[in-house]
Structure formats: C-alpha cells, structure tokens
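> following is a predicted model, sequence given first.
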Amino acid sequence: MTTRRCIILTTLIALLAAGLHPIISHADDEAAAWVALRAGGVAMIRHARAPGTGDPARFRLDDCATQRNLSAEGRAQAESFGQQIHVQGVTVSRVLHSRWCRARDTAVLAFPKLSEQGLVTPEPALDSFFGDLSREVEQTDAARDIIASWAGPGALILSTHQVNITAITGMGVREGEAMVFQPTANGIEFVGSIQF
C-alpha cells in the first residue's frame, strides 16, 4: 500500500471514530476532477506561488505589506488557473477566499469578471490557521459544510491555504493545486486534483 493511501485510510478511520462524515477517496484523477467541476463540483485551491512559509511576525490581516504575497510567478499561475477553467468548459458561479491577501489575489486574478460582479468574496472559514491551530476544528467543520451544501448551479471555487486543505483531505497540496470535491448525501467525496 502506498504512503498516500495509508494516509487516506488513517484519515478516514479517524473521521469515523470522531463521528464525522468521511471523505470517500478515489485515485488522484485529473480527468475525473474536470468532469466533476463541469457538473457543478467544488474546487478547493491552495493559493498560487507565494514564497516562504507561514506569515511574518509583523503580520496584520488588514495590511498586505505585512504578509507573504504572490510572486510574479504566482500571479501568472493564478491567471492560468482561470484560463484553464474557461478552456475546460467549467462554469464558475461563486468564488470564496481566505481573507489573507495571497488567497484573495489568487481568486481575483483567476476570476476578474466574477470579482467585478461581486461574486468573489471573503470567507473566514477559509482563513489560514497555520499560526493558531486552536481554530482548526471549527474552521475545518465550517469549510466542510460549505462544500457539502453546495448545490450549484455551476462550480464553487474556494481559495485557501495548505493547512486548511490538508485538514480536510489528509493529503499534502502544492501551491496552485486544486483538490476537487463532489457533495454527496453522506458528506463530500474527493474526486481528484488539478495542478496549475
């Protein structure tokens, strides 16, 4: 059994033991992820390239100059995400993002027209809890509920952070990688991932 499958199995067992809705996991399948998004699924994307780890000691939520921000490569990566969504024929109805500047900028650069229409909005459940793990359970439950309750029309995009995505999937995620889910009667189903 691969290391990734062991992690997934361990995560599922822990979720069941805690009485939480499990994520049914399939092979990491990009083609299936695109199909799910075209059918109105949910993509939880780690913000695009922002060099460094965590946030600087002087971090302030209301001041992007105190935060890790997207590099030129990250800005191009975010724009590429939006372009590939369009090329793949995915209709995006709503975009929610962490209040951290790098997650917000990823969302706005990827979906400028939706941003102009007021359909790209902040969601505190997607904020990074890297520096304060006491918020992990509450935020993870809220993010899981957002995914599980999505009923379209179109796809939902959530621009967030590695810790938030790992808390739901039990898997690592690269900058600019989208983990795609499909809401189900019993919770959420992980379908596959897409790297931009």
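Good, I have the coordinates. Numbering: from 1, shown residues only.

> and stretch 168-183, average pLDDT?
In this model, stretch 168-183 carries a mean pLDDT of 94.

> my error: substitute stretch 99-106 in the last question.
97.

> next, the buried residues of that stretch.
Trp100, Cys101, Arg102, Ala103, Arg104, Asp105, Thr106 (16 or more other C-beta atoms under 10 Å). All C-beta spots, glycine's among them, are computed from the backbone N, C-alpha and C.

> now the fifth one: how far from Gly41?
Separation of Arg104 from Gly41 (C-beta to C-beta, to the nearest Å): 22 Å.

> do the last one as well
Using C-beta to C-beta, one obtains 19 Å as the distance from Thr106 to Gly41.

> and the fourth one, by the same measure?
Per C-beta to C-beta, Ala103 is found 20 Å from Gly41.

> isn't there a strand covering Gly172?
No - read with DSSP: H, G, I helix; E, B strand; the rest coil, Gly172 is coil and lies in no strand.

> this structure: helices as residue ranges?
3-17, 30-38, 72-87, 101-110, 112-116, 136-149, 162-169 (DSSP state H).

> to Ala65, which of the ones you listed lies closest?
Proximity to Ala65 (C-beta to C-beta) singles out helix 101-110 among those, at 9.0 Å.

> what packs against that closest one?
helix 72-87, strand 92-97, strand 120-122, strand 155-160 (3 or more C-beta pairs under 8 Å, 6 or more residues apart in numbering; DSSP states H and E).

> could you redo the last one with a cut-off of 10 Å?
strand 42-46, helix 72-87, strand 92-97, helix 112-116, strand 120-122, strand 155-160 (3 or more C-beta pairs under 10 Å, 6 or more residues apart in numbering; DSSP states H and E).
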